[in-house]
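Undergrad: Have a look at this prediction, sequence included:
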Amino acid sequence: MSDEITLVLPAQEDFHHIARLVVGGLGARLELTYEQLEDLQVALEALLVCRDDEGEISVGISVDDDRIVAKIGPFSDDALAELDADAGGLGLHRVLATVSDGFSVERADGQSWVALSKATAG
């Protein structure tokens, strides 16, 4: 199986629940465990709160047989500065490192995007 969903929504906090709803529905369809779905939603929420402005944010999710890859953005470099190093505490770096199997910041068209992966098998 190979599916891809892209959701573009306003970056304002009032719309974050829509992204969580879509991810939850996808998780149910894939029969993710509660822990896998919770980890994915925690990572998504940690990234969504980095944006609360009048622009748009995209959440792209691709699924294959054993993992989900989410690509979220765009973000300003300032919004993601915390990812450059683990600042300790419960910052963005630590949250993403804890709940995902891996994450990276990618540059596309002069903007920053965060890609993260989460295993769906077992």
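TA: Done, it's in.

Undergrad: any low-confidence regions in this protein?
TA: Along the chain, segments meeting pLDDT under 70 span 1-2, 82, 84-90, 121-122.

Undergrad: In it, what residue spans correspond to strands?
TA: 3-10, 56-63, 67-75, 102-108, 111-119 (DSSP state E).

Undergrad: Between the ones you listed, which one is closest to L21.
TA: Of all the strands of the chain, it is strand 3-10 that lies closest to L21, at 9.8 Å by C-beta to C-beta. The way it works is simple: take the backbone N, C-alpha and C, and place the C-beta from them, glycine included.

Undergrad: That closest one vs strand 67-75, what angle?
TA: For strand 3-10 against strand 67-75, the angle by axes from the mean of the first three to the mean of the last three C-alpha atoms, to 10 degrees is 30 degrees.

Undergrad: Can you pull out the residues in contact with strand 3-10?
TA: Outside strand 3-10, the residues that touch it by C-beta atoms under 8 Å, 6 or more residues apart in numbering are 15, 18-19, 22, 26, 54-63.

Undergrad: Which strands border that strand, and is each parallel or antiparallel?
TA: Next to strand 3-10 in the sheet, as set by DSSP bridges, lie strand 56-63 (antiparallel).

Undergrad: Tell me which of the strands of the chain sits most buried.
TA: Mean neighbours per residue, mean count of other C-beta atoms under 10 Å, is largest over those for strand 67-75, with a mean of 20.

Undergrad: From the contact counts, what lies against it?
TA: helix 34-48, strand 56-63, strand 102-108, strand 111-119 (3 or more C-beta pairs under 8 Å, 6 or more residues apart in numbering; DSSP states H and E).
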